[in-house]
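K.L.:
predicted model and sequence follow; I will ask about them next.
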Amino acid sequence: MSDGLGMTAAQRVPERRVDILYTGGTFGMVDLGDGLRPRSGIGGEIAAVVDEFAADRGTAVTLRYSELDQVIDSANADGGTARRIGARVRANLGATLPDGVIVIHGTDTMAYTGARMAFDLHDIPVPVVLTGAQIPLGQAGSDARDNLRLALDSIAAYPDPGTFIAFGTTLHPAVRASKRSCDGYDGFTTLRKFTPPAPPLTMPSGTGETQVPVGLFTAFPGMDPDLLDAALRIYHGGVVLECYGAGTMPMHGSATVEAVRRATRRGTPVVVITHCDSGSVDLGLYEPGRALLEAGAIGGGDMTREAALAKLSHLAGLGLPAAELRRWMTTNLLGELSNSPVPPSIDEH
């Protein structure tokens, strides 16, 4: 069983302490006649899976279990959900550290939450593993039990700090993961090569930890530049602009560029990524990309949409000056970017 990082998870493990935080999602859902919905109070069912795992592995597992006050369908996650889950994980650690933390989460936004938690929890000394299910626990064909067991195994197989997604047969680094199937057991993929900086960098710090509105806008043929302008005003904390190829989008004369220019002058960072599954943004390559660069946009390299949104949200919440935010957005902090040459800056064009 591959863990996506060149390791196997099928190995015997010593006695361990594990925190499990249940946030909702398909894993614990039930259908009361109007479609699947999340339910609370499943600690006993989860403990039974953990006990079964411990017996199979010939080890002892000390479980500390908790739930969010309001478990949710992860489709209802808002801009602060991932931050709140990360804060709950940190608060639960206590004086006696566990060997690892498992967060049970809905699959729809698991990659977004995982990426944000990777930045928010970069300094905690234990691994954090998100998992969930495509079919609820207890239903025929459910993958919930196997995914939880994979998460438990992964804490032993890869005990170093970091945030991961355990799903199907694979352990994915959260800053490189995306959901790629709505029904397959291997619902997630490690979209880009995971290349953490060596040695690890000192993470940025700022004036405070606030929540500012950050959004994602995808370019498409026929898009109205007024729609982009509206998005840049609503999400004044920053916008990840998902463009074509190496970083191009409809220009509409200069309307698109001017919308970006107005936003960056107001202090709203605009980060350009590609909607392609491989390759990297190069804003100096084509005329539209060059225009976006000169309007103040930041090249997002080969970050996934989930990682780019998470990183921008994390950095914007620190209250960094524009130049500092640009520098950190283009620096590989946790493996969310390839270790590539420094991208072009406005001054170079």
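P.N.:
That came in fine, so what should we check first? Numbering: from 1, shown residues only.
K.L.:
can you give me the strands for the stretch 151-300 of the chain?
P.N.:
For the stretch 151-300 of the chain, the strands defined by DSSP state E, counting those that start in this stretch occupy 162-167, 170-173, 177-179, 188-190, 214-218, 238-243, 270-274, 298-299.
K.L.:
dump the ones you listed into a markdown table; add mean pLDDT as well.
P.N.:
Shown next, in a markdown table, are the strands of the stretch 151-300 of the chain (pLDDT from 0 to 100):
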| stretch | mean pLDDT |
| --- | --- |
| strand 162-167 | 98 |
| strand 170-173 | 97 |
| strand 177-179 | 98 |
| strand 188-190 | 97 |
| strand 214-218 | 98 |
| strand 238-243 | 98 |
| strand 270-274 | 98 |
| strand 298-299 | 98 |
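K.L.:
low-confidence ranges, the stretch 1-150 of the chain, go.
P.N.:
1-14 (pLDDT under 70).
K.L.:
quick one: secondary structure of the residue lying closest to Thr195 once chain neighbours are set aside?
P.N.:
Distances taken as Cβ to Cβ, 6 or more residues apart in numbering put Asn339 closest to Thr195, at 5.1 Å, once the chain neighbours are dropped. To be clear about C-beta, it is placed using only N, CA and C from the backbone, and glycine gets the same treatment. Counting by DSSP: H, G, I helix; E, B strand; the rest coil, the backbone at Asn339 sits in coil.
K.L.:
got a list of what the residue nearest to Met223 when sequence neighbours are not counted touches?
P.N.:
Excluding its sequence neighbours, the residue lying closest to Met223 (Cβ to Cβ, 6+ apart) is Pro250, at 5.8 Å. Shown in contact with Pro250 (Cβ atoms under 8 Å, 6 or more residues apart in numbering): Ala219, Pro221, Gly222, Met223, Pro225, Thr256.
K.L.:
dihedrals phi and psi, Pro250?
P.N.:
phi -60, psi 130 (degrees, to the nearest 10).
K.L.:
got the contact list for the residue nearest to Leu318 when sequence neighbours are not counted?
P.N.:
Leaving aside its sequence neighbours, Leu318 sits nearest to Gly206 (Cβ to Cβ, 6+ apart; 2.8 Å). Contacts for Gly206 (Cβ under 8 Å, 6+ apart) come out as Leu315, Gly317, Leu318, Gly319, Leu320, Glu324.
K.L.:
just the buried ones from those, in PyMOL syntax?
P.N.:
The following PyMOL line selects those of these that are buried, judged by 16 or more other Cβ atoms under 10 Å:
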select buried, resi 315+317+318+320
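K.L.:
could I get the contacts of Gly206 in TSV, plus columns for secondary structure and distance to Tyr65?
P.N.:
Below are the contacts of Gly206 laid out as TSV (DSSP: H, G, I helix; E, B strand; the rest coil; distance: Cβ to Cβ, whole Å):
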residue	secondary structure	distance to Tyr65
Leu315	helix	33
Gly317	helix	29
Leu318	coil	32
Gly319	coil	36
Leu320	coil	37
Glu324	helix	40
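K.L.:
same list (the contacts of Gly206) but as TSV, adding pLDDT.
P.N.:
Formatted as TSV, the contacts of Gly206 follow (pLDDT from 0 to 100):
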residue	pLDDT
Leu315	97
Gly317	95
Leu318	95
Gly319	93
Leu320	94
Glu324	96
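K.L.:
ok, the contacts of Gly206 vs Val212, which is closest?
P.N.:
Set against Val212, the nearest of those by Cβ to Cβ is Gly317 (5.9 Å).
K.L.:
just how off-centre is stretch 107-126 within its chain?
P.N.:
Counting by Cα atoms, centre = their mean, to the nearest Å, stretch 107-126 is centred 5 Å from the centre of its parent chain.
K.L.:
and stretch 217-226, by the same measure?
P.N.:
25 Å.
K.L.:
kindly report the same for stretch 243-252.
P.N.:
24 Å.
K.L.:
check stretch 104-114 too.
P.N.:
Distance, centroid of stretch 104-114 to centroid of chain: 8 Å (Cα atoms, centre = their mean).
K.L.:
now do stretch 168-178
P.N.:
A distance of 10 Å separates the centroid of the chain from that of stretch 168-178, by Cα atoms, centre = their mean.
K.L.:
how about stretch 67-87?
P.N.:
13 Å.
K.L.:
contact partners of that stretch?
P.N.:
Contacts of stretch 67-87 (Cβ under 8 Å, 6+ apart): 21-25, 28-29, 37-43, 88, 103, 105-110, 112-113, 116-117, 120-121, 132, 211, 213-214, 310, 313, 317.
K.L.:
buried ones among the residues you listed?
P.N.:
The buried subset of the contacts of stretch 67-87 (16+ other Cβ under 10 Å) comprises 21-25, 28-29, 38, 42, 88, 103, 105-110, 112-113, 116-117, 120-121, 132, 214, 310, 313, 317.
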